[in-house]
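[1] Requesting a structural model of the entry that follows:
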Amino acid sequence: MSTLPDVFKNSLIDLFLGTETRPEDKDNAPRLLLVDDEPLLLYSLQRLLDGRGYEIETATSGREAMNHLGQHDFDLLLLDLHLPDIYGFEVLQHAAALGREVCTIVVSGDSDIDAAIRALKEGAYAFVRKPYKPDELLHTVHNALGHLQSRRENERIRERLEQSEQLYRYLVDESPDLIYTLDIQGHFTFVNRRFETLLGYSAADLLGQHYSVLLIPQESAIADHVFQERRQSGRASRNVELRLRSQFKEEGHPFDVSLAFNAVGIYSQSDEQTQQHYLGTYGIARDISERRRAEDLLAYHASHDILTQLPNRSLFKERLELAMIQSRRSNQTVAVTIVDLDRFKWINDNLGLLAGDEVLRIAALRIQSCLNSGDVLARLAGDEFTVLLADPSSSADVEKIATCIQKTMGEPCQAGEHEIYLSVSIGISLYPEHGNTADSLIRNAEIAMNHAKAGGKNGQALYEPSMHNASHLKVSLERELRQAVREGELVMHYQPQVDGRSGRIVGVEALMRWQHPERGLLPAGEIIPLAEEIGLLSGLSDWVLESTLTDLESWLDAGLDPVRLSVNISPTYLEQDDFIDRVLTSVERHGAQAEHLELEVTEGLAIRNFDAAIRKLGFLANAGLRVAIDDFGMGYSSLSYLHRFPLNTLKIDRAFVNAITSQSQRTPIVQIIISVARSLELDVVAEGVERPDQVDFLLAHGCNIMQGYLYHRPMPASELVKLLR
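    Sure, this is the predicted structure:
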C-alpha cells in the first residue's frame, strides 16, 4: 500500500476528531486597509470605522498601500483612485497579482461612470462616490465583509468536497480488500486497485466484463448464488468463500486466491408506494489465502506424521472405517497389518536420533514399495507402521505382502555413516473375522505382532483368539509385578561358585526370584524383560544391589569368611547417569569391601555401549570393584575390546559347557575362551556344569571355578549361610 499523502492525513484527523477550522471560529477581527491621499478624509474615515471591531491600517499613497498588501493579509481594502504617485487601479492589480483574497471598495470623488465600471471589472466589490453618507458606507462595508465570508465558506466547502472525494477514492483504491460493483447482469461497473495488486487484473481488463471471467469452474454455482441473491431479498451474503483466478504465478504455475465475500444488493430509492428496483451488487472481498493455507497445514499436521508424511493413527482409522463400510456393501475382506521394526531402540540409543529418523523414512518407502495403489500405509507411533489392504482375495495374499515387506526390509540400508540391517515383526488381522470395529482390528493386529516378536522377531503372525488370552496374561503379569515390588514378593537366591579341585566355595552369584502367589517361584528370565518393558528395571536393580549387600553385611557380621558376590547389572541400569554414585553409595552404606563385589555385564552390552561402559566400569574398577563378562562367547566381542575392558573374570556360557562331550565339535571354543582368559590373566568361571565329565574337561584345560547343578542349585540366603558355616 502506498503512503498516505499529508493532505489526506490532515483530512482524516479533521474527519474523525471534528477539528476542521471554520471562518466563524477565528479569533482575529477583520483587518481593513484605508488608502487616501487627503489626510483629513483619511482621518474622518478611520474615526467612522473605529470601535466597530475592526483592525485598521492606513496608507496615503499607492506605493505605501502596495507595501502593506505585500506584508500583511487584509480582509477589506477601502481605496481612493486618485493617489499622488500612482493610479488606484494599479493597487487593485497588484493585490490580484499577489493572490491576496481581499475584498475592495473603491471610494472616489470621480463622477465618471466609466471609472465605476472599470473598478467593478478590476474586481472591486463596490464603488462609493465622495462625498458619501456615513450610514451608506458602513452598510457597504458590512455587506462586503459578509460577501467575503460567504465566498471563503464556499471555497472551503469546495475544497473539503474535493479533498473528501480524493480521500475516499484513495481509501477505496488502497484498501486491502477487493471492492467492486456489478450491474444487473453481473458485469463489473467499478473495481478498485486491489484487483490489480492481488489478482493482476487492471480496471480496464474488468470493467464491462462478467464476474465469471475470474471464477474457477468449481466455484460457479456458489458465485451465482452470492451475486444474484440480491434479486430476491435484501439479505446480505456474509462470509461466503470463493477462489478466483490470478494472473500471477508461483514457481511458473498459476495459482488461485481464496477470498471471503460480503455481497449486498443495490436498489433504487423509493417511497412506500413505489416498488424498489434492483440495480446491481456492491461487494467487498478479503484475501484469506494465508489463513486457508495455515488451516490446511494445521489440518494436514493433525492427520499426518511429520517425519514420514504418512497418515497418522487418526486418519488411518477414518480410512479403515470407510473401507469397512464399503466391505459390508460388497461383501469384501479388509486386512490390517501392523509392521514393527525390531531393535529400533538400539538404533536410537547407539547411532543417534537422526539415524533413527532416517531409518523410519527408509522403512516407510520400502513398505510402500510392496503395496498396491489402493492400499493405505500409516505410521501409528514410534517404530510401528500399519497397512490397510483393501479387498485381498485371501489371507495368503496378505501374508504374501507381509513376506515382501520382510524381504525388502532385510536389505541393507544406509543411515548417515552407518550401514544397517533391519528386520520387522508383522501382525495381521482380518475384517470381519477378527473384529467389527477399527479399534478392535488394530488392537488384534498388534497382539499378533507382539506374538511374532515374542517368537524370535523377524516373523509374521495372523491373529488367533488364543493370542488374546496370552496378551491378557501379559497385562496381568505387569500388574502383578508392580504389586510384587510393593508387597515384597521378590527375593534373592544365591548359587555358589566352587573351586573344582578343592570343592571350596569361592563366590556366589546373586539371582533374583519372584515368589508368585499362584505360579510359584519364577526365575529372573521372566522378571527382567517384563520389568524393562514397563520401566521398573532401574528400580529393581537398586533393590537387587541393596538386598545383596545387606545379605553380605549380615554374613560378615556373623563371622563368616568373605566370599566374592557377583551381581548382574542390566544395560538400562548401567546407562543411568548416576550409576557410579548409586553403586559406590550402596557399598559404603553397608560397610562392604569393594573387592567383595563383582559386577557382571553381558557381552552384548560391551559392544552396544562400549565407550560408556569403559568409562563407568573403569571408574568402579579403580575403586576396587571387580568386573566380569557374563555369557562370554555368545556375542561378537573382539580381543581388542577385551584388552580395553577393565575385566577380572570371563564366564563361559552354559551353552558351550553343555556341549562338552567326547564327540562335540564345540569344545574348541571352550578351549579358546580359557586360553584367552589365561593370556589376559583373567579368572574363568564355567556356568551350567552338570556332569563329572564336564568337570574333568574344564580342569584339564585350566578352568577351575565351576557353577552349576552338579554342585549347588540357587538357594535362599538362609540356606547359603548354613552351607557357608
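
[2] and Asn28, how many neighbours does it have?
    By the criterion of other Cβ atoms under 10 Å, Asn28 has 8 neighbours. Every residue, glycine included, has its C-beta placed from N, CA and C.

[3] which residues does the closest residue to it other than its chain neighbours bridge with?
    Spatial nearest neighbour of Asn28, chain neighbours left out: Glu55 (7.5 Å); criterion: Cβ to Cβ, 6 or more residues apart in numbering. Here Glu55 shows beta-bridge partners Arg31, assigned using DSSP bridges.

[4] go on, the one 4 residues further on?
    Ala59 forms beta bridges with Val35, as assigned by DSSP bridges.

[5] For it, give its distance to Gly356.
    99 Å (Cβ to Cβ, to the nearest Å).

[6] One more: Gln149?
    87 Å.

[7] more crowded one of the two?
    Set Gln149 next to Gly356 and count neighbours by other Cβ under 10 Å: Gly356 wins out with 21 against 16.

[8] Pretty sure that one sits against Ile347.
    Yes. A contact is recorded between Gly356 and Ile347 when judged using Cβ atoms under 8 Å, the distance being 5.2 Å.

[9] what is in contact with the two at once?
    Both Gly356 and Ile347 are in contact with Ala415, where contact means Cβ atoms under 8 Å, 6 or more residues apart in numbering.

[10] Just give me the longest helix of the protein.
    Secondary structure of the chain per DSSP state H: the longest helix is helix 134-173.

[11] Give me the average confidence score over that one.
    On average, the pLDDT along helix 134-173 is 86.

[12] Mind giving me the packing neighbours of it?
    When contacts are defined as 3 or more Cβ pairs under 8 Å, 6 or more residues apart in numbering; DSSP states H and E, helix 134-173 packs onto helix 6-17, helix 39-49, strand 76-79, strand 103-108, strand 126-129.

[13] gap between that helix and the chain center?
    61 Å (Cα atoms, centre = their mean, to the nearest Å).

[14] Sheet partners, orientation included, of the helix or strand following it?
    As assigned by DSSP states H and E, the chain's next helix or strand after helix 134-173 is strand 178-182. Sheet pairing for strand 178-182, assigned by DSSP bridges, gives strand 188-191 (antiparallel), strand 278-287 (antiparallel).

[15] what pLDDT does Asn704 get?
    Reported pLDDT for Asn704: 93.

[16] swap that for Leu549, sorry
    91.

[17] Need the three-state assignment for it.
    What DSSP: H, G, I helix; E, B strand; the rest coil gives for Leu549 is helix.

[18] quick one, strands of the stretch 201-350 of the chain?
    237-250, 253-267, 278-287, 334-341 (DSSP state E, counting those that start in this stretch).

[19] okay, those, which one's buried deepest?
    strand 334-341 (a mean of 26; mean count of other Cβ atoms under 10 Å).

[20] Alpha carbons of that one, as PDB, please.
    Extracted in PDB, the C-alpha atoms of strand 334-341 (Å, rounded to 0.1, in the frame of the first residue of the first chain):
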ATOM      1  CA  VAL A 334     -10.300 -55.900   4.700                       C
ATOM      2  CA  ALA A 335      -6.900 -56.700   6.200                       C
ATOM      3  CA  VAL A 336      -5.000 -54.700   8.800                       C
ATOM      4  CA  THR A 337      -1.300 -55.300   9.100                       C
ATOM      5  CA  ILE A 338       1.000 -53.900  11.900                       C
ATOM      6  CA  VAL A 339       4.700 -53.700  11.000                       C
ATOM      7  CA  ASP A 340       7.100 -53.100  13.900                       C
ATOM      8  CA  LEU A 341      10.800 -52.500  13.500                       C
END
